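Novice: Make a model of this:
(one chain, ligands or ions: 1)
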Amino acid sequence: MNIAIIGAGNVGGALGRSWAKAGHTIVYGVRDPQAEKTRALVAETAGGSTAVSVEAAARAADVVALATPWPATEAALRSAGDGALRGKILIDATNPLKFTPAVGLELALGFSDSGAENVARWAAGARVVKAFNTYGWENFADAAYPNAAGLRPVMFLAGDDAAAKGTVAGLAGEIGFEAFDAGALRAARELEPLALIWIRAAMSGERSANFTWARLRR
Ligand SMILES: NC(=O)c1ccc[n+]([C@@H]2O[C@H](COP(=O)([O-])OP(=O)(O)OC[C@H]3O[C@@H](n4cnc5c(N)ncnc54)[C@H](OP(=O)(O)O)[C@@H]3O)[C@@H](O)[C@H]2O)c1
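Specialist: Alright, predicted model coming up:
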């Protein structure tokens with residue numbers, strides 16, 4: 001599958017390297033394809049990956065993964081060009097975070113809206129699936145699972161298009177995760193706060209970034 005990644009940073013780079021190892025062709029959509037860090041990432045990504053403009057990457061892909069900082073997300077999607085994402089599966093891994101010294105990290109919106117629903121409005125016609133937002137990127141780089149107890153980490157998904165969710169569930173499964181369908185895209189209103197629980201735990205100093213949620217059946 002041709003996968004475009006918009007936002008070739010921690011999350012985008014980890015997903016790109018992992019999906020390339022799983023046999024997919026990765027095209028990074030970036031602002032500066034010649035930047036040293038982009039060239040290094042392309043060299044580390046297996047399978048003839050490339051870095052091009054956001055617009056060219058979006059056009060070439062079957063699936064587009066979005067991993068930009070929240071304040072840059074609308075501009076990044078607009079730079080894909082009018083209608084470029086129509087009909088495409090758009091994986092939204094962003095979290096609508098804001099930082100204030102008084103509170104620290106918190107969500108910039110919620111309860112009656114979500115980042116993912118904003119993404120769907122900005123990327124007209126895209127088949128948006130919220131995923132890969134509830135853990136740190138380290139877990140996408142090397143999902144060393146199942147663990148000793150045979151558990152696989154869950155990957156929460158939310159989206160309105162069942163076929164798109166099926167494709168994203170497959171992509172999550174290929175890099176170690178068990179998909180957990182949280183419901184329609186509006187369920188991103190619950191998945192985005194869940195990311196903050198993970199972030200606070202990882203930053204508490206007691207835990208590293210190497211932990212995930214799993215479904216323990218009885
Ligand atoms: N960090 C995590 O572990 C984690 C986990 C889950 C979800 N998330 C969410 O995922 C998103 C990305 O996080 P990150 O840690 O990967 O961020 P990051 O390392 O800062 O990477 C962000 C990337 O976005 C690119 N970018 C910025 N504006 C752009 C634009 N207009 N068009 C194209 N690319 C643009 C930046 O490239 P330039 O070089 O051009 O600036 C950079 O490569 C955030 O929304 C975050 O909340 C993060």
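Novice: alpha carbons only for contacts and neighbour counts from here, please
Specialist: Noted.
Novice: Any residues of this structure in contact with the ligand? List them.
Specialist: With C-alpha under 6 Å from any ligand atom as the criterion, the chain comes near the ligand at residues 6-12, 30-31, 67-70, 72, 75-76, 93-95, 132-137.
Novice: CA atoms only: put stretch 164-183 into PDB for me.
Specialist: Only the C-alpha atoms of stretch 164-183 are listed here, as PDB (Å, rounded to 0.1, in the frame of the first residue of the first chain):
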ATOM      1  CA  ALA A 164     -11.700   2.700   6.300                       C
ATOM      2  CA  LYS A 165     -11.600   1.600   9.900                       C
ATOM      3  CA  GLY A 166     -11.000  -2.000   8.700                       C
ATOM      4  CA  THR A 167      -8.000  -0.800   6.700                       C
ATOM      5  CA  VAL A 168      -6.600   1.100   9.600                       C
ATOM      6  CA  ALA A 169      -7.200  -1.900  11.900                       C
ATOM      7  CA  GLY A 170      -5.100  -3.900   9.500                       C
ATOM      8  CA  LEU A 171      -2.300  -1.400   9.500                       C
ATOM      9  CA  ALA A 172      -2.400  -1.300  13.300                       C
ATOM     10  CA  GLY A 173      -2.300  -5.100  13.400                       C
ATOM     11  CA  GLU A 174       0.700  -5.300  11.100                       C
ATOM     12  CA  ILE A 175       2.800  -3.300  13.600                       C
ATOM     13  CA  GLY A 176       1.700  -5.100  16.700                       C
ATOM     14  CA  PHE A 177      -1.700  -3.800  17.900                       C
ATOM     15  CA  GLU A 178      -5.100  -5.200  18.400                       C
ATOM     16  CA  ALA A 179      -7.700  -2.800  17.000                       C
ATOM     17  CA  PHE A 180     -10.400  -1.700  19.400                       C
ATOM     18  CA  ASP A 181     -13.300   0.000  17.600                       C
ATOM     19  CA  ALA A 182     -14.400   2.900  19.900                       C
ATOM     20  CA  GLY A 183     -17.300   3.900  17.500                       C
END
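Novice: which parts of that stretch are buried?
Specialist: Across stretch 164-183, burial judged by 16 or more other C-alpha atoms under 10 Å covers 164-165, 168-169, 171-173, 175-182.
Novice: Nearest to the middle of this structure, which residue? Look it up for me.
Specialist: Centroid check for the chain by C-alpha atoms, centre = their mean gives Ala93 as the closest residue, at 2.7 Å.
Novice: ok, now which ones touch that residue?
Specialist: Ala65, Leu66, Ala67, Lys130, Ala131, Phe132, Asn133 (C-alpha atoms under 8 Å, 6 or more residues apart in numbering).
Novice: Where do the helices of this protein begin and end?
Specialist: With helices called from DSSP state H, the chain shows them at 10-21, 36-44, 54-60, 70-78, 115-122, 138-141, 162-174, 188-203.
Novice: least reliable of those going by mean pLDDT?
Specialist: Here the helices of the chain differ in mean pLDDT, and the lowest is helix 138-141 at a mean of 92.
Novice: For it, which helices and strands make contact with it?
Specialist: Packing contacts for helix 138-141, counted by 3 or more C-alpha pairs under 8 Å, 6 or more residues apart in numbering; DSSP states H and E, involve helix 10-21.
Novice: How far off centre is the helix it packs on?
Specialist: Averaging C-alpha positions (C-alpha atoms, centre = their mean, to the nearest Å) puts helix 10-21 10 Å from its chain's average.
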